[in-house]
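[1] what would the 3D arrangement of this be:
(one chain, ligands or ions: 2)
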Amino acid sequence: MVWLGFTADQVARASACALAVSMLASVAGEGRAQPPPAGTAAPVVSYASQGWSAADRDTFYTTSQGSHMMPYAWFKALRRLDVDAPFAADQLQRYGYLRNDGRGNPGGLPVGFVVDGNAPSSQVGMTCAACHTGQLEYQKDGVTHALRLDGAPASADFQQFLTDLTAASRVTLAEPDRFAAFAKAVLGAGSTPAKVAQLKIDFGAWVKQFGDFMDASLPTLPWGPGRLDAFGMIFNRVAARDLGVSDNFKLADAPVSYPFLWNAPRQDHTQWNGGVANGLYIQGIARNTGEVFGVFADFAPRILVPGTVHTPTVIRYKANSADFAGLQTLEEKIATLTPPPWPRDIFGLDDQLAAKGKVLFDANCGACHAEKTSPNLVHAWMTPVKAVGTDPKMALNAERVSDPGLYNGALLPPPAIGARFKSPAQTSDILADSVVGSLLDEAFIPPVITPARLAQSGVWRAIRKDLSDLLPNEKLDDLFGLRLDATADLRALIKARLGNLFHKPATADAGAAYESRVLHGIWATAPYLHNGSVPNLWELLTPAKQRQSSFMVGSRLFDPKNVGYVTDQSPLTNGTFVTDPKNANGNGNGGHEYGTDLAEGDRWAIIEYLKTL
Ligand code: HEC
Ligand code: HEC
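    Ligands and ions are numbered 1, 2, ... in the order given. Okay, the predicted model is just below:
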């Protein structure tokens, strides 16, 4: 495909290069402390220096991506079952979510919980920050201090939150007194018996679909703090719920650790199994669209033109609540986020030991984790996808197949040409088709493409950003909007960049292979490995058989020696992580035995070096 004389690859390379330059030019952030809110025992929060202003942070914490978990009026009216209080009055801190004392949060929601749309039909949902914001705590002079780590893994227990939300909703529906109080809070002064009856019907329908979804998805061995089976939940949402094929449900029983985000724009692959080619904004928005479909976005694909022997089924993907402009805004924030520097003033650092560690790291770890330029995208880093003997369950589950339902007979996603969906299909293809179809429908289906619309639309902003640095003198609005052949080129370009979406790359090792990434800021991202089965860096450099078989997760108290969080306490319900000695049920802590036979002093040296990255 040739686009204005450039091949798709040349376009891609130049724009990735520009992206990298803009990242390198990002400014250092401020380490401003914020006083604790009056009347709470919250620790004093300061912010790691990561290139963000307070305004950037507020944007990241509160920009909607179109997630529709529950009508906001209902969420506010819902009460806890264990104590008599509104469900979210504690900003969900009992599940490990972080309080948000920033601006742009009138509802007093936790970090990453946002309201989408306007009353009365507004919905509460989650955005990136709920899952991708961390915080470490330490004691100094008898006072607890907290360091906020933007883009770091959350320690939240998402499954317990979903379980309790479901239970509270079910009981509210079933118990007349509770329902009466709920209806009064939702309907206020304008309440009438007819409105109460209608609310009961609407709330009942919501409780049924939400509850059925959770019953079919949540495993009996809970994910625990800091983990979520993202692929499992997304597949269930799209292939089972949105396509209306209940046989496609499978337990989401391969929870993974929340990955960190500050390297994401520079990796040539993301996702633990390397399933998303990365480095361009169009790839970022595709990845994020898949995510928001999993995190409660509405999505109702339908058949536009039924297929025949000669023509494929045509699907319309337009009916979805994804906020593409919000998704793009959020991705642009990530592009300026830098890794948090090791807090040397608090925890100290031995520079000589770190220098020794660098030599050992280059020799023992560099083959997989070194910063190497990607052959696909100049100035993006290679992120090899390697089988290193870690728990295979996540990678295996990602290969699952499903009945494609109404996609039967529609064209398979790129790079397939002409081939159609038939049952069973790769579930990752069902998801990829849903994402690529939604992006193309968003970009090319009227309301007509006007310059104003181009400026607003997230998909167009992604494409424009990928191209504008390469073609600085072109009037992109003219090119994009008004020339039919340009539109065709652009469609092809998008498809070319989104081939094999959600599949591990062709260059990946066979078997259960995971991303082996550049380790900038890795000190701030415990627990380690895709399934969070190794609590700290010292344990990772310990032979697998000697790693802790059981430990506590969910505490934010930092352990600067072993580099991770303390493992002898957890404030959360399901805080005990029991590893699987067979290394297979999703909780295995085997594999990745690199550097484990080095002398103890050498291993500490590598850890000292990792702090400096
Ligand atoms: C409900 C929690 C949740 C939300 C909300 C969420 N993510 Fe994630 N994210 C995850 C999990 C879990 C993974 C790992 C999935 C996997 O690879 O199996 C992930 C993976 C990623 C990755 C891949 C990182 C890597 O190195 O492989 C990126 C980038 C990312 N998310 C960005 C975002 C952005 C941007 C948003 C918002 C638009 C977002 N996420 C919203 C939980 C979440
Ligand atoms: C053969 C390739 C290879 C070598 C050599 C290697 N690693 Fe890894 N590393 C990986 C892969 C693949 C993963 C992801 C495994 C998983 O998540 O299951 C990983 C994961 C990690 C992680 C966890 C990343 C995270 O986000 O949780 C750390 C830390 C790490 N490696 C450090 C090291 C160190 C230190 C060395 C050298 C002593 C080393 N690795 C050697 C391939 C390698």
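[2] per the record, what domains does this protein have?
    12-219, 344-379+515-611 (automatic domain parsing).
[3] among those domains, which is nearest Arg316?
    Nearest to Arg316 among the domains of the chain is domain 12-219; the distance by C-beta to C-beta comes to 17.6 Å. Bear in mind the C-beta positions are built from the backbone N, C-alpha and C, glycine included.
[4] so does the closest one get close to ligand 2?
    No. Between domain 12-219 and ligand 2, judged by C-beta under 6 Å from any ligand atom, nothing touches; the nearest distance is 8.6 Å.
[5] number of residues surrounding the residue of the stretch 451-600 of the chain found nearest ligand 2?
    Closest approach between the stretch 451-600 of the chain and ligand 2, counting by C-beta to the nearest ligand atom: Gly595, at 2.8 Å. Neighbourhood size, Gly595 [other C-beta atoms under 10 Å]: 18.
[6] wait, doesn't it sit right on Ala605?
    No. Gly595 is beyond contact range of Ala605, at 10.1 Å (criterion: C-beta atoms under 8 Å).
[7] overlap in contacts, the two.
    By C-beta atoms under 8 Å, 6 or more residues apart in numbering, Gly595 and Ala605 have these common neighbours: Leu360.
[8] quick one: average pLDDT of stretch 507-518?
    Averaged over stretch 507-518, pLDDT sits at 96.
[9] which residues sit against that stretch?
    263, 266-267, 269-274, 368-371, 381, 383-388, 390-396, 504, 529-530.
[10] check whether that stretch contacts ligand 2.
    Yes. Using C-beta under 6 Å from any ligand atom, stretch 507-518 comes into contact with ligand 2 via 514, 516.
[11] which positions in that stretch come out as buried?
    The neighbour-count check on stretch 507-518 (16 or more other C-beta atoms under 10 Å) flags 508, 512-518 as buried.
[12] neighbours of Asp345, how many?
    Around Asp345 sit 9 other residues, with neighbours defined as other C-beta under 10 Å.
[13] er, Glu137 actually
    By the criterion of other C-beta under 10 Å, Glu137 has 17 neighbours.
[14] tell me the secondary structure at it.
    Put simply, Glu137 is strand when judged by DSSP: H, G, I helix; E, B strand; the rest coil.
[15] can you pull up the bridge partners for it?
    Per DSSP bridges, the residues bridged to Glu137 are Ala146, Leu557.
[16] any idea of the pLDDT on it?
    The model reports Glu137 with a pLDDT of 97.
[17] thinking it is in contact with Val143, fair?
    No. The pair Glu137 and Val143 fails to qualify as a contact (C-beta under 8 Å) at a distance of 10.6 Å.
[18] shared neighbours, these two?
    Counting by C-beta under 8 Å, 6+ apart, the contacts common to Glu137 and Val143 are Pro43.
[19] just the pLDDT for the nearest residue to Val314 once chain neighbours are set aside.
    Leaving aside its sequence neighbours, Val314 sits nearest to Val305 (C-beta to C-beta, 6 or more residues apart in numbering; 4.0 Å). pLDDT, Val305: 97.
[20] give me the phi and psi for Val305.
    Note on Val305: its backbone torsions stand at phi -130, psi 120 [degrees, to the nearest 10].
[21] I'd assumed Thr313 was in contact with it.
    Yes. Using C-beta under 8 Å, Val305 is in contact with Thr313, at 7.0 Å.
[22] name the residue in those two with the higher neighbour count.
    Using other C-beta under 10 Å as the criterion, Val305 and Thr313 rank with Thr313 on top: 18 against 12.
[23] how much space between the residue nearest to Val314 and Gly409?
    Counting by C-beta to C-beta, to the nearest Å, the separation of Val305 from Gly409 is 11 Å.
[24] picking that back up, ligand 1 next: which of the buried residues of stretch 507-518 are close?
    Contacts with ligand 1 are made by Glu515 out of the buried residues of stretch 507-518, judged by C-beta under 6 Å from any ligand atom.
[25] could the buried residues of stretch 507-518 be laid out in a markdown table, adding secondary structure?
    Shown next, in a markdown table, are these (three-state DSSP):
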| residue | secondary structure |
| --- | --- |
| Ala508 | coil |
| Ala512 | coil |
| Ala513 | coil |
| Tyr514 | strand |
| Glu515 | strand |
| Ser516 | coil |
| Arg517 | coil |
| Val518 | coil |
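[26] what packs against the longest helix anywhere in the chain?
    Longest helix in the chain, counting residues (DSSP state H): helix 193-217. Judged by 3 or more C-beta pairs under 8 Å, 6 or more residues apart in numbering; DSSP states H and E, the packing partners of helix 193-217 are strand 70-71, helix 158-174, helix 176-187.
[27] outside of it, which residues touch it?
    Here helix 193-217 makes contact (C-beta under 8 Å, 6+ apart) with 70-71, 74, 162-163, 165-166, 169-170, 172-173, 179, 182-183, 186-187, 232-233, 236-237, 240-241, 246, 249, 251-252.
[28] make a ChimeraX selection of the buried ones in the residues you listed.
    In ChimeraX, this line selects whichever of the contacts of helix 193-217 come out buried by 16+ other C-beta under 10 Å:
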select :70,71,74,162,163,165,166,169,172,173,179,182,183,186,187,232,233,236,237,240,241,249,252
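[29] residue numbers of the protein in contact with ligand 1?
    Taking C-beta under 6 Å from any ligand atom as the contact definition, the chain meets ligand 1 at 65, 126-128, 130-132, 228, 230-231, 256, 258-259, 261, 264, 267, 270-272, 288, 291, 295, 327, 330-331, 334, 515.
[30] so which of the residues you listed sit within helices?
    128, 130-131, 230-231, 288, 291, 327, 330-331, 334.
[31] need those in TSV (columns: pLDDT and neighbour count).
    TSV is the format used below for these (pLDDT from 0 to 100; neighbours: other C-beta atoms under 10 Å):
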residue	pLDDT	neighbour count
Cys128	98	25
Ala130	98	26
Cys131	98	22
Ala230	97	23
Phe231	97	26
Asn288	97	25
Glu291	97	21
Leu327	97	28
Leu330	97	25
Glu331	97	24
Ile334	97	20
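[32] what's the per-residue pLDDT of the residue lying closest to Pro343 once chain neighbours are set aside here?
    Nearest residue to Pro343, sequence neighbours excluded (C-beta to C-beta, 6+ apart): Leu147, at 6.4 Å. According to the prediction, Leu147 has pLDDT 97.
[33] try the one 4 residues further on
    On the pLDDT scale, Gly151 is placed at 98.
[34] next up, the contacts around it.
    The contact partners of Gly151, taken as C-beta under 8 Å, 6+ apart, are 50, 132-133, 260-262, 334, 337.
[35] run a quick neighbour tally on Ser49.
    Number of residues near Ser49 (other C-beta under 10 Å) recorded here: 16.
[36] number of residues surrounding Gly204?
    Residues lying near Gly204 (other C-beta under 10 Å) number 14.
[37] repeat that for Val143.
    Using other C-beta under 10 Å, Val143 has 9 other residues around it.
[38] wouldn't it be in contact with Val44 here?
    Yes. Between Val143 and Val44 there is a contact under C-beta under 8 Å: 7.0 Å.
[39] how close does Leu327 sit to Asn236?
    21 Å.
[40] I meant Asn278, not that one.
    Counting by C-beta to C-beta, the gap from Asn278 to Asn236 is 24 Å.
[41] list the contacts of the residue nearest to Pro343.
    Counting by C-beta under 8 Å, 6+ apart, Leu147 makes contact with 45-48, 135-138, 340, 343, 346.
[42] for ligand 2, state which of the residues you listed is nearest.
    Using C-beta to the nearest ligand atom, the shortest approach to ligand 2 within the contacts of Leu147 belongs to Pro340, at 14.2 Å.
[43] the closest residue to ligand 1 within the stretch 501-613 of the chain pairs with what?
    For the stretch 501-613 of the chain, the residue closest to ligand 1 is Glu515, as judged by C-beta to the nearest ligand atom, at 5.6 Å. Going by DSSP bridges, Glu515 is paired in beta bridges with Val385.
[44] many thanks, have a good one.
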